[in-house]
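J.: Only the shape, not the letters, is given here:
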């Protein structure tokens, strides 16, 4: 999406003189409308966002038609068409990012407040979690501290801390110094590949994990962490970068 708009902004005159500009915007709108809702069954919210995108695209197409008609009627000063088109594209990008950020922020809060099933990701809930750890587990799924990971899964603390320093695992702060780690990110006692790349795009560990365990419209409704388990790292990381571009103002 960003690459497409970047082309429109960097080459405004060439696009304006051809019929490609409305075609590109229509294709962009069709791509936005083809995605599935962020949460299954949330058709109303998806319809509202789709309507917003379509209205913006139609408004920009109308402005482009007026600009082309104006070129035929009079000679415009050099550079004016470029400036106008750049402003239109930049305005559209700003509107779309602001609307998407607002909606995704609301969805994230809603997801975090919903209770999860007892075993949402295939791990038994640890009975001896502290109260704070239990609150984290309500939205993040089963978590464990370094002591529990070492005793139950044989992961040495030194290794776990090395992974944490290098962003190979996602950790949530519990209390003033301790951390807990979502169990679903480990496969055979090791973090699944791709976590580091996700954290490089979404640096906030809570937002990164929430994105990983939620169905993503950028992945046709699939859950990113399930794709990581299947080894589809490239697809997941690329989608994470796109998600970040939509929520960068959060």
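T.: Arrived safely. Only a predicted model underlies this, so the values are computations on that prediction, with no experimental measurement involved.

J.: Select the longest strand from this structure.
T.: strand 178-182 (DSSP state E).

J.: and that strand, which strands flank it?
T.: strand 143-144 (antiparallel), strand 172-174 (antiparallel) (DSSP bridges).

J.: Need the winner for burial among those strands.
T.: Across the strands paired with strand 178-182, averaging neighbours per residue (mean count of other CB atoms under 10 Å) puts strand 143-144 on top, at a mean of 24. Glycine gets a C-beta too; all of them are placed from N, C-alpha and C.

J.: Give the other helices and strands that the next helix or strand after it contacts.
T.: Where DSSP states H and E defines the elements, the next helix or strand beyond strand 143-144 is helix 146-153. Packed against helix 146-153 by the contact rule (3 or more CB pairs under 8 Å, 6 or more residues apart in numbering; DSSP states H and E) you find helix 157-165, strand 178-182.

J.: Single out the most deeply packed of those.
T.: strand 178-182 (a mean of 21).

J.: contacts for it?
T.: Applying CB atoms under 8 Å, 6 or more residues apart in numbering, the external contacts of strand 178-182 come out as 133, 136, 140-146, 149, 160, 164, 169-174, 209.

J.: For stretch 159-168, give me every contacting residue.
T.: Contact with stretch 159-168 is made by 146, 149, 150, 169, 171, 179, 181, 191, 195, 196, 199, 200, as judged by CB under 8 Å, 6+ apart.

J.: and the residues you listed, which are buried?
T.: 146, 149, 150, 169, 171, 179, 181, 191, 195, 199 (16 or more other CB atoms under 10 Å).

J.: okay, among those residues, which ones form the most distant pair?
T.: Largest separation among the buried ones among the contacts of stretch 159-168 by CB to CB: 150 and 199, giving 22.6 Å.

J.: give me the low-pLDDT residue ranges for this structure?
T.: For the chain, the stretches with pLDDT under 70 are 1-58, 60-61, 63-65, 67-68, 70-134, 233-234, 241, 244-250.

J.: Break it into its domains for me.
T.: 2-113, 131-246 (automatic domain parsing).

J.: and the angle for the longest strand of the chain with helix 146-153?
T.: Using axes from the mean of the first three to the mean of the last three CA atoms, to 10 degrees, the inter-axis angle of strand 178-182 relative to helix 146-153 is 40 degrees.

J.: Direction included, what does the following helix or strand past strand 178-182 pair against?
T.: Once strand 178-182 ends, the next helix or strand along the chain (criterion: DSSP H and E) is strand 186-187. When pairing is defined by DSSP bridges, strand 186-187 lines up against strand 190-191 (antiparallel).

J.: other SSEs contacting the next helix or strand along the chain from the strand it pairs with?
T.: The element immediately downstream of strand 190-191 (helix or strand, assigned by DSSP H and E) is helix 195-201. On a contact count with 3+ CB pairs under 8 Å, 6+ apart, helix 195-201 meets helix 205-212, helix 233-246.

J.: ranking those by burial, who's on top?
T.: Highest mean neighbour count among these (mean count of other CB under 10 Å): helix 205-212, a mean of 21.

J.: other SSEs contacting that helix?
T.: In terms of contacts (3+ CB pairs under 8 Å, 6+ apart), helix 205-212 is packed against helix 80-113, helix 131-140, strand 172-174, helix 195-201, helix 224-229, helix 233-246.

J.: picking that back up, relative to residue 187, which of the strands paired with strand 178-182 is closest?
T.: Closest among those, using CB to CB: strand 143-144, at 14.9 Å.

J.: Pretty sure residue 205 sits against residue 185.
T.: No: when contacts are counted by CB atoms under 8 Å, residue 205 is not listed as touching residue 185 (10.7 Å).

J.: which neighbours do these two share?
T.: Residues touching both residue 205 and residue 185 by CB under 8 Å, 6+ apart: residue 170.
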